[in-house]
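1. Requesting a structural model of the entry that follows:
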Amino acid sequence: MIHLDVRSWNSHLSGASEPKKLAAAAAYYNHGYLALTDWQTTAGLVQHAVACRDVGIKPILGTTLNVSGTPLVVLTTDRESFGNMTDLLTLAHRDRENPHLTLEQLEEAGEEGQLEGLVCLTGDRTGFTMSAIRAGRYEEAKQFVLNLKRLFPARLYMEQVHQLRPGDNRMLRLLDDLGGVTGVPTVATNAVRHATRDDYALYDALTCARLCINVGEHHMERPVNNQGYLCSRSRMAKLPFSVGALARGYEVAEMCSGTNLLAEKINPPEAYIPRGFSPDEFMEKLCREALPVRYKKGTANYENLGAAKETLKKELEIIRYIGNAEFFLVVREVMEWARTHGIRCSGRGSAANSIVAYLLRITNADPIRHRLMFERFLHKGHTGTPDIDVDFDSSRREHVISWLNRRFKETHTAMTANVITFQLKLAVREMMKVLGFPEPSLALVAKVLPHWSHKGVRVFQNDMAQALNIRPDAVLLETLCELVSQLGGCPRHLSIHSGGMVLSRSPLRYFTAIRTSANGTRQVEFNKDDVEELGIVKLDVLGLRMLSTISEAVDRLDLDCNIQLDIDDLPEHDEPTYEMIRTTKTLGVFQIESPGQMRLLSETQPESFRDLVVQVALFRPGPLQGQMVSPYIMRRHGLAPDVPHPSLLPILKDTFGIIIFQEQVLEIVHQFANYSHIEADQFRRLMSKSRDPVQMESKRPEFVSRAVSHMRKSGQAITEEQANQVFNTIAPFVGYGFCRSHAVAFANIVYQSAYLKRHHPAAHFCAVLEHHPGFYPTQTLLQEARACGVTVLPVDARFSDLQYRLERLSDEGGEIRYGIRLPFKEVKGISEEGSSNLVWERFQQPFASLEDMFKRVRMASDEWDALARVGALTAFAQRRGALWELGLLRRRVSQEASGQQMLDFPLVTEGEVPALPQLPPATRTNWDYELQGITAGVHPVSHHRPYLDKLKIRPLVELLEIPAGRRVRTAGVVVARQRPPTAKGFCFVELEDETGLMQVALPPQTYERFAKVVREPGLVVEGILEGTGGHRSILGQRVQSMQELLRGPHVGGYSGFPGQMAH
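-> Predicted coordinates for the structure are as follows:
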C-alpha cells in the first residue's frame, strides 16, 4: 500500500507534522512513494518534494478539496493536471471566509476540461460517503459516488480507512459493497494526520484549536486514538482491507508520480533583449557601455577604472556560468521604467556588492570604492535567485506593481506569502485554551512571556508556574510545555509578503494556487525559500517612505522655490552636513534619528561617508549584543586595534579590528579557516537564518580544526585557544550580521536626507510631514522644523491644501524664505470630499467672505464647525465669531429653503455677529489638539512653564549645558516609549517640551515601580544626566504624572494635557 491521503501541518491546524518528518517516516518504513494532500492548499508541496528528494522517495502531489463541506482528495499525474488542481483551489479561495467549491462548480470544471489528469479519492471518515453510510443513507452515498464517477471517469477511487475505531470493520465491508455496485475500485489509506504515534497529542490539540473547543469537549472530528500516523505496510496488511484495496495504492502511485515541481535553475520572465543578442551578450554590452560613464575621467572613480574592468570580467564569467543574465536584465528593465516615469528607486541588499548591478544602474554603490565583496552576492555554487532588493518611492509603489502585472502578465505575477508560525506567546495562549485554562490565567502567563524567543518555552516554565501559583512540575503545566515545544515552526496561517513579488516565465498555475486579498492583491502560497526551489524569480518591490520624502523635497524645491537640485550628485563631503550629524541634530534624517543613534553619533563623530556606512551597521543587534560598540568607539578615538590574530587585521582595518559586517565574517572564514567561498557563504547563511546560539556552537569544532590546520600549513601556526577566540568574535553575529553593501546603500540615503535637512529645511520637513518616514509624531516634527528656522503656518481656508505645502515668505531684510502650511487632512472631522470641494471652489475664484464660501462649498455642518474651531476661518472671523456666524448662516439658508426669505440680500449683516472675546491661548491650544492632535501655535508645555519654573523643573534645552553626572528634574510630553527585548528590562521614554527632545532610560527596578505612571501622556522625571559632547539623556530614578502635578486649583491656564503618541 501507499499513503495517498496525508496532511502536514501546512493544513493549518488539520495536520501535526512537517513534511520533512513525514518523508523521514516514509523512508524509515521503506515506502517508495508518498503523497501530500493538505487541506485546500499547495503550501506544503515544495517542502514535500524537497523532503522526498532528500530521502530518495518519489513525491505524489495533491490536495484535499472542500466540496460543499466534504473532503475530496485529488492527486495530479503531470504538470497540466497540477495546473488544473491549482485552478480549482484558486476558485475555492475566492470565498476568503470559507474557501470551498460546490458540486455545481466541480461539474462546470469538468465540462471545461479542468479535471483532466486528476485522480480523485472519495475522502476520509469525515467525508460525505462515509458519513452518509454511518447515518444509514446508503442511497445518498451511492448517488454521490456516481456523480463523482461522472466527473472522474476511470480515475475515481473509493477511499477506505481503518484506524481501530468502533465500526471500522463494518465500514470497510459497506464500502466494498458500494464499490462493487458503482464500479468504483477501493483503495486503502490511513488518512495520515501526523508522522508518528507520539504526535497524536499535538494533532488532537491542534484539532481542538481549530474547532475552538478544549480537550474536555467531544467532537466527531477529534481523533480517538493515535492510529492516524504514517505507518508501515505490515501494519496495514494486518487490518481487514481487501488485497485489491492495498495493491491499488501502487497503481495510483505509478499513475501520479510524474509531476516534477522542483527546478534545477531559475527561470526568469523574458526580458527585453534586442534581436541578435543573447542575454549574456546584451548584458555585457550594456555594462561595457556604462564603464566610462560610471568611471568618468576627471572624477574620483576614474582611478578605479582598471580594477573595475578586471572585476567586471570576473563577474560576467560567474553570471554566465550560473545563467542569471536575464534576471539582471529584468531588474534593470523594471528600474529603468520607474526612472522614466519619475519614480525614485534604489537597489540594495547584497546586490550592491556587484559591479554588474552598479553598471546596470540597479544599485548606486561602487563596489570597488567601498571594497564590497562579490562572493557575498554570487559565486559558482550559488543556487536560486540573486538577492536584489529594490526600494521604490512608497507613494508610487503600487504603480510599479501594476506595471509589472501588465508587463509580465497577471497570470505570471503575484506576491510571495509570509508563513506566520506559532510564536512563543501565541503558542502558549492557544494551548492553554485547548487545555482548559481559564481566561484570567492566560492573561497572567502572557505577562511573563516575550512575544518571541529562540530559547523555547522550558526556559520560562518556572515563571509560568509562579504566575499560575502552581508547582513547576505540575502535570498540566508539563503537558502545556510539551505541546508548545512541539509547535516550533508550525504554520498558523499565511499572510502577504510586504514586498516580495513573484515573476514567472510560465503561468503560476503550474506552481501554486493563487489567493486574492480583500483589496485585490494576488498571492502565491509559498514563501521565498520555496519560490527559489521552484526556479521562479522573486523580486523585492519595497516601498521606502524616505525615498518618497526625498522625491517630494526635490520637487518642492523645483516647483515652489525654483531651485534645481540633483540629489544623486551632491558634493561628496559637505562639511555643514557632517557638522549637523556630529551635533546629533538628526531628527528627520533617515536611519540615524533614533535616540540610540543620536547617542552613538555623539560618540563616533562621523567625518566621512565611510563613517556613515559603519554608523548604519553599528547600531544593530549583532554589534550591540556582541559588545562591539564601545571598543569600536575607543579605537576610533585612538586606542590601538586589538585582534585575536594578526592575519585578521587587513580584513578588519577599516573598522578598527571590530567585526561589523557580514562580508568580514565571510573573509575571516575564507582566509583564516580555509573555507571555500561556497562553504563560507553556507556558514554565513547558517548565521543569518538561525538565531540559535546552540546551533552556531555546533560549528565550533570544525572551524577551530580547519583554522589550526590551515594556519599551520601557511606558516602562521596558531593554538586552538586563538582559533576559539576568533570563533568567539564571530559567534555573536548569529542571525544579526549586517551586510556592508546594504549599509552602503542606506548610508547614501542617510547623506541625501541629512543634506536636505541642513541646506533646505523647509522643503525637507514639508516632505517629511507629508510622508512621515520615521516614528516621531507630527507635533515633534513641527517642533524640529521650527528649531531649524522654518515657520509653521496654521490651517487656513484661503491657503491650505490637501497636503503639506510650502509658502513663500519674506522677512524684514527682504531675504526670501519659506514656511510650511498645514493641510486640511490634519483636521479631524473634515472629509476628503469636503476639503476637495473647498480647494476646487477656491481655485475657481477666491472667497470674498465667510458667507461667499458657505454658499459655494458643499460641506457638512460638523465640517464647517471643525474649520471654525481650528482657526481656518480667521481671515473672515475669529474662532468664536466664525462659529456664531456659521450658526446664523445655517438658520438663514434653512429659512430661505422653506420660502421664509425670498429677497436676494446678504444672509448675515455686519451687526448680527457680536464682538466676542478672543479665546485664551491655552484654550486655542486645547482646541487645536482636540481637532488636529497638533498645533501650529505654542507647545502645550509652554503654558505651564511659569509654574514649572517655580518647582525647579528645567526645560530640556537647559540640560544640554549641564555637565553629565548631575541630578536633574524635567518634564515633557511622552513622544515614544519602548521596552525592547534586547534592553535587559530597561524602558526608554522620549520626552518633549517647547525647547527640545530627550530620552529617559528607566532601569528595570525603576520601571517596575512606576510602570502605571509611565503610561501617562505627560511626565515629570528626576534622574542623573548622562551623555558626551552635546548629547544628553537621563537615567531616570523617579517618575510622576504631569497631569497630577498640574491638576490643582492653584494652577491656571491650559486644563488638558495631550498625549502625542496616538497622532
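2. can we go C-alpha only for contacts and neighbour counts from here?
-> Will do.
3. May I have the residues that are in contact with the residue lying closest to Asn462 once chain neighbours are set aside?
-> Sequence neighbours aside, Pro472 is the residue nearest to Asn462 in space, at 5.5 Å (criterion: Cα to Cα, 6 or more residues apart in numbering). Applying Cα atoms under 8 Å, 6 or more residues apart in numbering, one finds that Pro472 lies in contact with Gln461, Asn462, Met464, Ala465, Gln466, Glu478.
4. since we're on the fifth one, how many residues are nearby?
-> Summarising burial for Gln466: neighbours were counted as other Cα atoms under 10 Å, giving 15.
5. same deal with the last one?
-> Here the count is done by other Cα under 10 Å, and Glu478 has 15 residues near it.
6. which parts of the helix or strand hosting it are buried?
-> Assigned by DSSP states H and E, Glu478 belongs to helix 475-486. The neighbour-count check on helix 475-486 (16 or more other Cα atoms under 10 Å) flags Leu476, Leu477, Thr479, Leu480, Cys481, Leu483, Val484, Ser485 as buried.
7. so how far is it off the chain centroid?
-> Remark: helix 475-486 is offset 30 Å from the chain centroid, using Cα atoms, centre = their mean, to the nearest Å.
8. What's the first helix or strand after that helix?
-> Following helix 475-486 toward the C-terminus (DSSP H and E): strand 491-503.
9. what comes up buried for that next one?
-> Judged by neighbour count (16+ other Cα under 10 Å), strand 491-503 contains these buried residues: Pro491, Arg492, Leu494, Ser495, Ile496, His497, Gly499, Gly500, Met501, Val502, Leu503.
10. ok, it: who's next to it in the sheet?
-> Each strand paired with strand 491-503, and its direction, by DSSP bridges: strand 413-421 (antiparallel), strand 537-544 (antiparallel).
11. Save those strands as JSON lines, and put in mean pLDDT too.
-> Compiled in JSON lines, the strands paired with strand 491-503 are given as follows (pLDDT from 0 to 100):
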{"stretch": "strand 413-421", "mean pLDDT": "93"}
{"stretch": "strand 537-544", "mean pLDDT": "91"}
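12. so can I have a markdown table of the ones you listed showing mean neighbour count and distance to Ala723?
-> Below are the strands paired with strand 491-503 laid out as a markdown table (neighbours: other Cα atoms under 10 Å; distance: least, Cα to Cα, whole Å):
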| stretch | mean neighbour count | distance to Ala723 |
| --- | --- | --- |
| strand 413-421 | 23 | 37 |
| strand 537-544 | 23 | 38 |
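13. of those, which approaches Leu960 most closely?
-> Closest to Leu960 of those, according to Cα to Cα: strand 537-544, at 33.4 Å.
14. Same question for whichever helix or strand comes after the closest one: list its buried residues.
-> Note on strand 537-544: by DSSP H and E, the next helix or strand toward the C-terminus is helix 545-561. Neighbour-count burial for helix 545-561, counted by 16+ other Cα under 10 Å, picks out 545-557, 561.
15. Do I have it right that Leu873 meets Pro794?
-> No - with contact defined as Cα atoms under 8 Å, Leu873 does not reach Pro794; the gap is 10.7 Å.
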